[in-house]
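In: Below are the sequence and a predicted model; questions follow.
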Amino acid sequence: MKLKLLNNLLEYAIFSATILLVFLVFFEKYLEVPMLFRWIGHWHPLILHFPIVLIFVTIIQYWRNDNNVYWYLGVTTLFALFSSLSGFVLSTENAIKGNQILVHQWAGIGVSALLVIWWHYYKPLVNKSSFLKGVQLVLIALIVFTGHVGGSITHGENFLSFKPGKVEEQVVVESPTIYLSLVQPIFDDKCTQCHNANKSKGKLILSDYLSLAAGGEFGPGLDFSDLGKSSLKYHIELPLEDEFHMPPSDEEQLSEDELMIINSWLEAGASDTLTMSGLKEESRLFTYIQHIKKDDKKRYSHLPGVTDEKLLKLSSNYIAINRMYHGTGAVSVRVYPNATYNPSQLKPLSDISKNIVSLDLSSITIGDQEIALIKSCKNLEKLNLSNTVLEDKELKDIGILENLRTLNLLNTEITDASITTLTGFPKLSEVFIYGSRITSDGVVKLSKSHERIRIFTESTQAKEFRSVLPPATVAPLKHFFNEPFKIDITHPLAGIDVFYTLDGSVPGTQSVKFTGPLQIGNSTLIKFLAMKDGWESSRVDSVLMIRTGTEPDSLSLLYPPDIKYPGRGIFLLTDLQKGPDSFSDSAWMAFREKDFVLHGGWKEAVLLEEIIISSLVKTESYLFPPESITIKAGRDKSSLKTIYSRKFDGLRDHKNSPAGYYSCSFKSQKLGFVEITVRPLSKIPLWHQGVGQKGWFFIDEVIFVNGKSNDPI
Amino acid sequence: MEEHLLNEKLKLNRRHFFSKLSTGIGTMALGSLMIPEVFKGNGQSTESDQFTLGIPHFAPKAKRIIYLFQAGAPSQLESFDYKPLLRERMGEDLPESIRNGQRLTGMTANQTKFPLVGSFADFKQYGHNGAWVSDYFPHIGKITDEICIINSMNTEAINHDPAITFMQTGNQISGRPSMGSWFSYGLGSDNQNLPSFVVLTSRGKGNSQGLYSKLWSSGFLDSRHQGVLLRSGKDPVLYLNDPEGMTREDKRTMLDKVAELNTTHYDDVLDDEIQTRIAQYEMAYRMQMSVPEVVDLKKEPESVIKLYGAEALIPGTYAANCLLARRLAENGVRFIQLYHQGWDQHGNLPNEMSQQAKDVDQASAALVLDLKQRGLLDDTLVIWGGEFGRTNYCQGPFRADNYGRDHHPRSYSIWMAGGGVKKGITYGQTDEFGYNIIKDPLHVHNFHATLLHLFGLDHKQLTFKYQGRRFRLTDVAGNVVNDLIA
């Protein structure tokens, strides 16, 4: 009894739903859907899943001879009808139904209709007739199709198809409109999934220019009275967190380039007919377009393909073959000169000669084989024959290369006779002829041959570069010596004249010209400079060579040097070695807190008249001249008298930096013991950043001079 | 790259197979699930597809780089960023509205005053676009029509080591591959007889900061992409020459035997670095012939020496390195990295900077012109610049004719030439105080992305998988700046 009631209810429900659906579909134009029904429409995405599953279940159970199939079928049909109804209501929310929605709508209604038919004929056709099989097949096909179209509406057109990634091919044809070639593709990529004729969120459609301009709920997409206020700009520039920021924060955002394109397009007037020629040259968009134009992937599409394996096989340690870039048949070849080079090695390259776009044979001897290779490279655009002994005849033998654009003839034997050959290359636009024998007349002729040819000779700026000669060098370089020796003055460049003086005066052309080794006997200051035509003379350089007289038999320091710069030992003070410019070298020892107090003793008294202290001054590193130097001396340690004393001003004026030698002269006398005291600077003067601190005293040599050392030899 | 990993897996023998079964099979299965293209084979690859290493992703403009790195950070205010206002307001305190809470180094953080200091050097305008260049760089002034001056570089680091590491590797902490290694990895070597990444160092008299070999390390990339330091003097590459008494034939025999042993070892453990080692021995063998030839500057005519300046005759100087860089570029070296030390002028700036500038001015300009007249400038990119800028206020005691400048990461100047970069333009602008960028900032990541782009490489595609994730030179940042590209 209960079953009977249920059955009746089901029947009535299906009947009335069918009637309602038919009514709605046919009288759509005359109806306005009430608010309550709209709410039902929003249930469509939920309800639709039931009939999809139930259809499959019903069919399976039917073939399994389930007794309850009748019930399954009934419920399925009812749900299908509800889905269709709710879907229909939902679809009325769009002002204009797009194609996809219409297809989806009729397919959905078709599914419902088929189910109603099946349900209606269920009892009479209880045996499995072929008619029923047909209905079931059509049902399955239709439900899959309907689902697919529905999915495309909600998730975007390509959502359900397998995407092999984004194909970024921005081909800019000769005079395209900016809108079609650059702006619309951005909308297509990032916006039209939600803003299309089928699914116009915010009533905005971005699939064509007029719809964009018309805009949606938020006003016109393009506000031509003030493009800066267009809702398009407004929404893409809202902060990401803002609810109305577009694209929505969980979707892929516009890239910087894309923002730039849209903004530049708006700035330029946002016309759909704007082309590249209408852009200002300094605008970013102009640069951008130029840029993608040049990257045109199709540039080398006419070249035959070649595999990586083949290129690898033809390459060797001395023949570099490189594909220009991914996915092109264009190849560059560079042959490196080497001892084992033999023209026959080029032969296999003829296999890929049509692929060779750039060929570099610089420093290779160009012979018949090489010329044959060049000839066979019909697509050659760049040819480098620099630093070869290429002559006019050989260049002529190459014949006409239709596609040659750049030709490098640097340091070749090419003369003006080749101008006619060069004129014959129809596309030649760059020639490098620096170091060839082409004269300025030839250049003029050549520049007239092609409209936009650029000829590179020695650059004009380079001609203006004048160089100062480096100073000559003295060898061997002995700052301190005890035996006479010979010096030579050398220079890295050939054909240099060196002038020198020994009297401290500034050398010039009037001075002595250096011709051969020079004997150095006494302490000598040599000043010299190097000269050569076409160069600026070198700066005047000088070397002071100091001859020592005697060396103490015993040497000791009262206080050890500062622990930071102990030097290599006390003997460095008399080793005749000048410390280098770098004070951290072990040829230097340094004092700061304690004085430098040196005791020198001789077994037998010696005649002394001068003591020279060699030091280093670098104020930026806190290396200063000392505070004072005091020398006490006598026949022995017990009879010391002060024989020399000097105070320094501590470089109050920092500009006069002394050379670092302190000469302490006194009356010539016989001495057996000396005590040299040097006090480091106690207070760094005001101008220095280390004001008030102690200065460092660095020392590398003490020279004891007696009369003998300055005797002429 | 996945493909490479798979090939490795396929080389595994039975023992490896079982010992690594759990991870190996798992990875392959997972890989095939997540990236269906992995098993697709060549030719029909799609989207993020495996670009073959050694081939640019798209048409390149540049083929090689000569990077003239001015280590220590030369002052932009005494070189290319002309700020007359600083002279007008000499000695006035830097307004807080300009500094705006910018962090300072420990060297000036304790200063109570930040007196503005104008350039000691005068500026002149050069070229068609009237680019401003200081009198310290008269030769570079002459080539402004060939170069693109960028006054809006900015970085994140404020101290030398992180900053120079950032410039060179895209990360402040060391360990990532150097730029040169990335280029070598992405583009391969052109000349099989020379390393693709060569480093040359020189030192000026100014205050220097250390240079460490980590700056040209290949990081996690294969060590064949590591920079090779060429030294001045008798042995340009250490340990390259054979010991006395060893003939080239002996060497050949030895290398063959060593390679045999290494191959056996490789079959056992399948470590890629062993293959690299074999290849490196072979390259060293060829370099014994090629390097002395390339570094021999005696072959250069006097006119060239005159162009670069006579210092080019002295091995180890900046000028000599510039000339050497040109010879290396001619010989197919991909990335030539120069470093010139001595630009850290915290004090005594006018003196030291004029000295430093004298070291590099003529040779840098000469290099650009020399490349141009040889037809190399089109595809050789020359970059000149340091790791950050210097402050517009004085560090230490203030004097108009002797002052110092501290580190300033917010803005600094570099220039580039050739290699598809726009020429004769000045890009970017700082405010009148030379403190903040007001137009077209160029961050280090964007700089890197643009460089890679010039070489036909997509900085997002040039990756290396290491420790579970893909690394890039630009890591997770970087945008190509098309405005710089001709």
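Out: Thanks, I have the structure now. The model shown is predicted, which means the values in this text are computed figures rather than measured ones.

In: residues in contact with B:Y126?
Out: For B:Y126, the contacting residues are B:132-133, B:141-142, B:144, taking CB atoms under 8 Å, 6 or more residues apart in numbering or on different chains as the criterion. For glycine as for every other residue, the C-beta is placed from the backbone atoms N, C-alpha and C.

In: What are the buried residues along stretch A:491-498?
Out: For stretch A:491-498, the buried set under the neighbour-count rule, 16 or more other CB atoms under 10 Å in any protein chain shown, comprises A:491-493, A:496-498.

In: ok, which of those residues also contact chain B?
Out: Among the buried residues of stretch A:491-498, the residues that sit close to chain B (CB under 8 Å from any CB of the partner chain) are A:492-493.

In: Spatially, which two of the buried residues of stretch A:491-498 are the most separated?
Out: Distances among these were taken as CB to CB; the most separated pair is A:P492 and A:D497, at 14.4 Å.

In: pretty sure B:L451 contacts B:G420?
Out: No. Using CB atoms under 8 Å, B:L451 and B:G420 do not qualify as a contacting pair, with a distance of 10.2 Å.

In: the more surrounded of those two?
Out: More neighbours surround B:L451 than the other of B:L451 and B:G420, with 26 against 21 (other CB atoms under 10 Å in any protein chain shown).

In: before we move on, what SS does that one have?
Out: Here B:L451 takes the helix state, with states given by DSSP: H, G, I helix; E, B strand; the rest coil.

In: got it, and B:V291?
Out: Here B:V291 is recorded as helix under three-state DSSP.

In: Can you read off the pLDDT for A:R454?
Out: What the model reports as pLDDT for A:R454 is 90.

In: what about it, how many neighbours?
Out: Based on other CB under 10 Å, the number of other residues close to A:R454 is 12.

In: Please apply the same query to the one 4 residues further on.
Out: When neighbours are counted by other CB under 10 Å, A:E458 registers 16.

In: hang on, the earlier thing: which members of the contacts of B:Y126 occur in strands, if any?
Out: In strands, judged by DSSP state E, the following of the contacts of B:Y126 are found: B:132-133.

In: out of the contacts of B:Y126, which touch chain A?
Out: Within these, those near chain A by CB under 8 Å from any CB are B:K142.

In: For the contacts of B:Y126, which single residue is the most surrounded?
Out: Tallying neighbours with other CB under 10 Å puts B:T144 at the head of the contacts of B:Y126, with 28 neighbours.

In: and the gap between it and B:P138?
Out: As judged by CB to CB, to the nearest Å, B:T144 and B:P138 stand 11 Å apart.

In: Over to A:V306?
Out: Between A:V306 and B:P138 the distance, using CB to CB, works out to 50 Å.

In: sorry, back to before: pick the one among the buried residues of stretch A:491-498 closest to A:S639.
Out: Closest approach to A:S639 among these (CB to CB): A:V498, at 50.9 Å.

In: Kindly state the beta-bridge partners for that closest one.
Out: The residues listed as beta-bridge partners of A:V498 by DSSP bridges are A:A530.

In: what's near enough to touch it?
Out: By CB under 8 Å, 6+ apart, the contact set of A:V498 is A:472, A:489, A:491, A:513-514, A:528-531.

In: Of those residues, which is the nearest to A:V103?
Out: Distances from the contacts of A:V498 to A:V103 were compared by CB to CB; the smallest belongs to A:H491, at 90.6 Å.

In: Excluding chain neighbours, give the residue nearest to that closest one in space.
Out: Residue nearest to A:H491 in three dimensions, not counting chain neighbours: A:A472, with 4.4 Å by CB to CB, 6 or more residues apart in numbering or on different chains.

In: List the buried residues in the helix or strand harbouring A:L266.
Out: Taking DSSP states H and E as the definition, A:L266 sits inside helix A:256-267. Of the residues in helix A:256-267, those buried by neighbour count under the rule 16+ other CB under 10 Å are A:257-258, A:260-266.

In: hang on, B:Q395 packs against B:K113?
Out: No. Under the criterion of CB under 8 Å, B:Q395 lies out of contact with B:K113, with a separation of 11.1 Å.

In: Have a look at these two and say which one is more surrounded.
Out: Relative neighbour count places B:Q395 above the other of B:Q395 and B:K113, with 25 against 11, counting by other CB under 10 Å.

In: Specify the beta-bridge partners of that one.
Out: Beta-bridge partners, per DSSP bridges, of B:Q395: B:G404.

In: ok, it - contacts?
Out: Taking CB under 8 Å, 6+ apart as the criterion, B:Q395 is in contact with B:107-108, B:111, B:346-347, B:403-406.
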